[in-house]
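[1] Test case, fold it:
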Amino acid sequence: MLIHALVITYAPGDLDDLLGALALQCARTTIIDNTPGGADLGAVAARHGAELITLGTNVGIAAAQNMGIERALEAGADAVILFDQDSVPTDGMIPTLAQHLTEGVAAVGPVPREGDDVLVYTDHTFGPKRPATVGSDPFEVSFLLASGELISARALAEVGLMNAAWFIDHIDLEWGMRARRAGYRLLAVPAARLDHRLGDRTVKVPGRRVVHVHAPIRNYYLTRNTIRLISSDLLPLPWRVRYVYWIARFAAFNILVNPDRAERARYFARALGDGLRGRLGRW
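    Presented below is the predicted three-dimensional model:
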């Protein structure tokens with residue numbers, strides 16, 4: 001199987017570990033840099049034989065992914081694996097995933113962990129939730145986090161590319177729901193491990209796992225795109241109800257626990273208006 005790795009960057013730190021691991025496990029690696037003005041990545045890309053595409057501006061993660069996907073498919077890739085700059089695959093992770101990318105499976109992914117937190121989501125009556133326990137066998141999931149997700153070329157041809165109008169956030173969820181609507185399955189493979197950083201910081205809430213806290217601008221995209229997801233035909237009714245509740249809780253939590261309350265309130269208000277009007281793209 002010819003696998004093409006895509007790494008989307010934005011003001012990245014050290015990429016040596018990530019690119020070194022990809023060079024050993026993939027036929028080809030392309031870095032698509034979203035950093036305004038471009039990041040100095042020429043040397044590290046050359047050191048690991050990776051192709052570098054510098055955009056010079058932030059076009060959004062979905063648009064950058066689409067550029068790389070189209071390039072990979074044109075080069076004859078059988079599958080594309082997506083990475084962000086904060087994830088590094090363990091030895092043998094990608095070949096392990098490839099074993100499970102069989103007929104009827106659109107994409108497979110590892111079971112990312114952030115400390116003791118397992119970042120996978122399975123179906124429940126009122127929407128995707130993290131499972132209490134994870135065994136050793138591959139299992140079906142609601143969607144896969146983009147970083148470390150191995151997607152088949154045949155599924156991309158049928159399901160389509162990422163939703164570039166959403167810019168960032170819930171891109172992986174929206175694509176996963178489209179893939180499932182098309183009759184495909186999505187699998188998480190516990191034997192494939194990936195350490196992944198999600199969010200700018202975490203807050204421990206009594207009685208719950210940690211909660212990820214993002215910058216105010218990410219609150220905007222998460223809220224706006226959740227509203228668009230609710231407005232789509234991709235979710236069953238109980239899931240839509242749950243996401244309406246999630247938005248209210250998400251907004252209240254972020255406004256109450258952060259000192260920049262007024263700024264966050266403005267972002268949430270703008271997200272609500274833009275989401276309801278269908279105003280998408282970059283802020």
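
[2] Residues contacting the longest helix seen in the chain, please?
    What stands out as the longest helix in the chain, according to DSSP state H, is helix 237-257. The contact list for helix 237-257, computed with C-beta atoms under 8 Å, 6 or more residues apart in numbering, reads 125-128, 203, 211, 213, 219, 222-223, 226-227, 229-230, 235, 261, 264-265, 268. To be clear about C-beta, it is placed using only N, CA and C from the backbone, and glycine gets the same treatment.

[3] Can you select the buried ones among the residues you listed for me in ChimeraX?
    Only the buried entries of these go into this ChimeraX selection, using 16 or more other C-beta atoms under 10 Å:
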select :127,128,213,219,222,223,226,227,229,230,235,264,268
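
[4] just for the stretch 1-150 of the chain, where's the confidence low?
    Within the stretch 1-150 of the chain, the stretches with pLDDT under 70 are 114-115.

[5] where do the strands sit along it?
    Counting by DSSP state E, counting those that start in this stretch, the stretch 1-150 of the chain has strands at residues 3-9, 28-33, 51-54, 79-84, 88-89, 105-114, 117-118, 139-140, 150-152.

[6] For the stretch 151-283 of the chain, which segments are assigned as strands?
    Applying DSSP E, counting those that start in this stretch to the stretch 151-283 of the chain gives strands spanning 185-195, 201-204, 210-213.

[7] Which strands border the longest one, and is each parallel or antiparallel?
    Taking DSSP bridges as the criterion, strand 185-195 pairs within the sheet with strand 88-89 (antiparallel), strand 105-114 (parallel), strand 139-140 (antiparallel).

[8] circling back to that earlier point, how about the longest helix of the chain: buried residues?
    239-240, 242-243, 246-247, 250-251, 254-255.

[9] can I get the strands of the stretch 1-150 of the chain in TSV with distance to residue 181 and mean neighbour count?
    Output for those, formatted as TSV (distance: least, C-beta to C-beta, whole Å; neighbours: other C-beta atoms under 10 Å):
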stretch	distance to residue 181	mean neighbour count
strand 3-9	24	25
strand 28-33	27	24
strand 51-54	31	17
strand 79-84	20	26
strand 88-89	29	23
strand 105-114	11	24
strand 117-118	26	16
strand 139-140	15	14
strand 150-152	16	28
